[in-house]
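J.: got a sequence here, can you build the structure:
(one chain, ligands or ions: 1)
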Amino acid sequence: MTVQASGVVHDFNVDVLVHYCSQHVQAFPLAPTHVKVSQFGHGQSNPTYLLEVSLGGSSVKQYVLRKKPAGKLLQSAHAVEREFQVLNALGAHTLVPVPKVFCLCTDSAVIGTPFYIMEYLEGRIFLDPKLPGLAPNRRRQIYSATAKALASLHSADVDAIGLGKYGRRDNYCKRQVDRWAKQYLASTGEGKSPRNPKMLELVDWLQQHIPSEDSSSAKAGLVHGDFRIDNLVFHPIEDKVIGILDWELSTLGNQMCDVAYSTLHYLVDVDVDKLQNEGIEATGIPEGIPSLPEYLADYCSASGKPWPVDEWKFYVAFSLFRGASICAGVHCRWIMGNASGGKRAQNSGLKGDALIGAAWSFIEQKSVLPQHPPSGHRGQFNNSEDQNALSGGFVPTKKVVELRDRLMKFMEDHIYPMESEFNKLANSSMRWTVHPDEEKLKEMAKKQGLWNLWLPLDSAARARKLLFDGKNDNKAFDQLLGAGLSNLEYGYLCEVMGRSVWAPQVFNCGAPDTGNMEVLLRYGNKEQMQEWLVPLLEGKIRSAFAMTEPQVASSDATNIECSIKRQGDSYIINGKKWWTSGAMDPRCKILIVMGKTDLSAPKHKQQSMVLVDIQSPGVQVIRPLTVFGFDEAPHGHAEVHFENVCVPAKNVLLAEGGGFEIAQGRLGPGRLHHCMRLIGAAERGMELMVQRALQRKTFGKFIAQHGSFQADLAKCRVELEKTRLLVLEAADQLDRVGNKKARGILAMAKVAAPNMALKVIDMAMQVHGGAGLSGDTVLSHLYATARTLRIADGPDEVHLGTIAKLELQKASKL
Ligand SMILES: Cc1cc2nc3c(=O)[nH]c(=O)nc-3n(C[C@H](O)[C@H](O)[C@H](O)COP(=O)(O)OP(=O)(O)OC[C@H]3O[C@@H](n4cnc5c(N)ncnc54)[C@H](O)[C@@H]3O)c2cc1C
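T.: Have a look, this model is predicted:
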């Protein structure tokens, strides 16, 4: 027998191996004439070899050997025994495509470490997920087959095939985060791979965002642990998977981790040989390869799993984190001289850091997945939630529906019954005091988790990061950080709050506080957040935003004249503001004041925003303004004068000259909240209109039976539904592409919503006759509020100007 080694030189005795195989591998040639052993270069973890055994003539049998690496190993890593167990079970009892296994050798005396022998699959392995050299339709099929292969392994009934005890099922992510965090610490530090502090922050973030579904074992199943396209063998000609390889990290647990991991190449270039780190979403998805949502929809459709929109950010961040920890392990072994994989292992230190960076960029994104699977995939879903998907593009998720139900019940039980009571106080001589029941309702809303729902997930993460360096084990503070909703999700809830002018503040979701809190979250520093944001989030204080001035046309913010002059360590403020909403409220403690700090700077850099304690000497609240006679007590829209008001220089937000930038940033979500509330106000109008029409008779018929009413009612519904879709689309775009790119649709929503609400409420008032104009129904108040929103947050004409400008820009690019 001749023995030939090729590739990386291996460290075992081939004769001994052949002897062992001839005894333990079924049909292994007893007297081979020639044996060739070559190591697969791809993959660094468990060294893998091709065994080519000649029988004489042209007859060659091929096998694959997989062994543990030599040297000292990290705890529980490289368990080839487990790989054998899972391959054996799947091969024997399921149609999951895996190579057939022949034997497991746990006796290290044979080749130095345990190993197993499996079938060599003749086929294609695509090392590059971009699938170069393939036609677009083949690429599409390869990706579709990949999604199906993953779904098939996830469908394995582990109890039925003897893998019921292959791992613990519950709390998979929780345990994985701990495990890989420990591995990372063990692989890094002095004399090992350098330790990256952002990785430690990432561990904290992950620990705080583990999806609730993770704690249950009911949804757990077989997890591959390293499911990537280059671990699949495709049929030599057909685009189907014939083998899933590399089961080293397989166990039982949360299968969404596999799914997220299989999509990482969309975000990062996982190839350790390349310095480039961007994934195909950034570099360009090659023709034919589906977008990430399309691939994901293929998987969900094949596995029957729901669309994972709510938890996707966690799963991807987790996968990047785990990849980073694995890279650190490989790099550490390379430093210590016992990693296979050569140059790739050397590079893996840098790659690990890139993965950590990518995880943070991903976490900081507003929205990471569309609310629903792409069209064309929706009809394939068959659970009850997805039945809804058939009925429209915007359907709230289960989480949102559950919150909305609770919110509606709260409105029925506590808000509507209190409206006349709150109105009574607001029209009495005690009008500028807060009704004690309002504070009680706030506590109740907080306890029910209906608090700060406006707060987007990414802003909550920023608050945790800045206030607690990302490490927050303060449960009480965490409860202040909303429900982790996107702007779109909040839209469904904000609409409900808009049905009563008294509701938003009960849930700490009222203007201008939400906009002001958003400013502090986005532009405030740690000290400013601690002093003002925390009590605002708690609902202990309220705030106001002072930009508009009586003497200048303030819809053009560059006209603002209020002077903010630097004097040593202070700023001195002089100016007159009006329409400062909320400044009359006895709970109002902080004003965000916009003024000019540098008249010689470029037009949009002259303005700054400073935080002013309302108690500061020189701040004079002059009077409440009224809207059609409503003074909105105890909230109020105040005229406020500033006379030599001195505030510490550290009160400037962002930086001197940053005022315009903040104003732009503040208005995106805040404006949309107004639109969402207007949809709710219009719905309330519709409801009251219909009730009245069904109860009251004129000329022998109920109003509802008159044809003219029916036509008006129908037109109101058409307007309302059109506008709701526009507002939801604006919210979705805000989540997906951010304030700036969504400015066109935001402007459209801002114009459409108050005009629609005015039309609907006007019709409702008409149907109510004289009562509609009185204070006996909520309609006149809702109407007055809706009318302000054709001017407040910018007049219609300014928004129409934005829409027209974008339209003309588009045309000029044609
Ligand atoms: C109820 C209410 C609450 C408010 N709350 C606040 C608050 O909390 N803080 C704050 O700072 N401000 C607040 N405002 C003020 C509001 O933002 C301003 O009224 C608004 O920006 C318009 O400014 P202005 O009143 O100076 O009108 P102007 O700028 O004088 O504009 C008057 C009119 O000019 C026309 N116009 C303006 N620009 C154009 C254009 N490009 N093309 C064609 N026509 C145009 C429009 O018809 C517009 O209505 C509030 C206003 C109201 C009514």
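J.: from memory residue 451 sits against residue 445, does it?
T.: Yes. The pair residue 451 / residue 445 is scored as a contact, 5.6 Å apart, by C-beta atoms under 8 Å. The way it works is simple: take the backbone N, C-alpha and C, and place the C-beta from them, glycine included.
J.: spit out the residues that contact these two alike.
T.: 507-508 (C-beta atoms under 8 Å, 6 or more residues apart in numbering).
J.: before we move on, which element is residue 591 in?
T.: strand 588-596 (DSSP states H and E).
J.: between whatever helix or strand comes next after that strand and strand 588-596, how big is the angle?
T.: Heading C-terminal from strand 588-596, the first helix or strand you meet, by DSSP H and E, is strand 607-613. Per axes from the mean of the first three to the mean of the last three C-alpha atoms, to 10 degrees, the angle that strand 607-613 makes with strand 588-596 is 160 degrees.
J.: off-centre distance for strand 607-613?
T.: Averaged C-alpha coordinates place strand 607-613 at 31 Å from its chain's average position (C-alpha atoms, centre = their mean, to the nearest Å).
J.: again with stretch 708-721
T.: Counting by C-alpha atoms, centre = their mean, stretch 708-721 comes out at 37 Å from the chain centroid.
J.: buried ones in it?
T.: By neighbour count on 16 or more other C-beta atoms under 10 Å, the buried set for stretch 708-721 is 709, 712-713, 716, 719-720.
J.: and the strands in the stretch 501-650 of the chain?
T.: Counting by DSSP state E, counting those that start in this stretch, the stretch 501-650 of the chain has strands at residues 542-546, 563-567, 570-581, 588-596, 607-613, 619-625, 637-648.
J.: excluding chain neighbours, what is closest to the residue nearest the centre of the chain?
T.: Nearest to the geometric centre of the chain sits residue 367, at 4.5 Å (C-alpha atoms, centre = their mean). Closest residue in space to residue 367, ignoring its immediate chain neighbours: residue 735 at 3.4 Å, by C-beta to C-beta, 6 or more residues apart in numbering.
J.: C-terminal to the helix or strand where that neighbour lies, what's the next element?
T.: Here residue 735 sits within helix 707-741, counting by DSSP H and E. Next along the chain after helix 707-741, taking DSSP H and E as the criterion, comes helix 743-768.
J.: which is the next helix or strand following that next one?
T.: Defined by DSSP H and E, the subsequent element after helix 743-768 is helix 770-773.
J.: mean confidence (pLDDT) on the helix or strand just after that next one, please.
T.: Scanning forward in sequence from helix 770-773 by DSSP H and E, the next helix or strand is helix 779-788. Mean pLDDT, helix 779-788: 97.
J.: now do helix 779-788: distance to the chain's middle.
T.: With C-alpha atoms, centre = their mean, you get 35 Å for helix 779-788.
J.: who touches that helix?
T.: 423, 501, 627-628, 630, 678, 681, 684-685, 688, 754, 757-758, 761-762, 764-765, 768, 772-775.
J.: one more time with 7 Å
T.: Residues outside helix 779-788 that contact it (C-beta atoms under 7 Å, 6 or more residues apart in numbering): 501, 627-628, 630, 678, 681, 684-685, 688, 754, 757-758, 761-762, 764-765, 768, 772-774.
J.: if I look at the nearest residue to residue 533 once chain neighbours are set aside, how far off is the ligand?
T.: Nearest non-adjacent residue to residue 533, counting by C-beta to C-beta, 6+ apart: residue 520, 4.2 Å away. From residue 520 over to the ligand the distance is 16 Å, taken as C-beta to the nearest ligand atom, to the nearest Å.
J.: cool, and residue 688?
T.: 23 Å.
J.: buried sites along the helix or strand harbouring that residue?
T.: Using DSSP H and E, the element containing residue 688 is helix 659-695. Residues 659-663, 665-686, 688-690, 692-693 are the ones in helix 659-695 that count as buried (16+ other C-beta under 10 Å).
J.: cool, stretch 152-169 as well?
T.: 152-156, 158, 161, 163, 166-167, 169.
J.: need these in JSON lines with distance to residue 269 and pLDDT, can you?
T.: Shown next, in JSON lines, are the buried residues of stretch 152-169 (distance: C-beta to C-beta, whole Å; pLDDT from 0 to 100):
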{"residue": "152", "distance to residue 269": "28", "pLDDT": "93"}
{"residue": "153", "distance to residue 269": "25", "pLDDT": "95"}
{"residue": "154", "distance to residue 269": "26", "pLDDT": "95"}
{"residue": "155", "distance to residue 269": "31", "pLDDT": "90"}
{"residue": "156", "distance to residue 269": "31", "pLDDT": "91"}
{"residue": "158", "distance to residue 269": "34", "pLDDT": "93"}
{"residue": "161", "distance to residue 269": "36", "pLDDT": "93"}
{"residue": "163", "distance to residue 269": "34", "pLDDT": "95"}
{"residue": "166", "distance to residue 269": "32", "pLDDT": "95"}
{"residue": "167", "distance to residue 269": "31", "pLDDT": "93"}
{"residue": "169", "distance to residue 269": "33", "pLDDT": "92"}
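J.: and of these, the nearest to residue 179?
T.: residue 167 (11.6 Å; C-beta to C-beta).
J.: is it true that that closest one touches residue 250?
T.: No. Using C-beta atoms under 7 Å, residue 167 makes no contact with residue 250, being 8.3 Å away.
J.: who's in contact with residue 161?
T.: 89, 93-94.
J.: actually residue 685, not the one I typed
T.: Taking C-beta under 7 Å, 6+ apart as the test, what residue 685 contacts is 760-761, 764, 779, 782.
J.: what's the neighbour count on the spatially closest residue to residue 697 that is not a sequence neighbour?
T.: Excluding the flanking residues, the one nearest residue 697 by C-beta to C-beta, 6+ apart is residue 703, at 7.4 Å. Neighbour count of residue 703, defined by other C-beta atoms under 10 Å: 22.
J.: ok, now residue 535?
T.: Neighbour tally, residue 535, other C-beta under 10 Å: 16.
J.: right, I'll leave it there.
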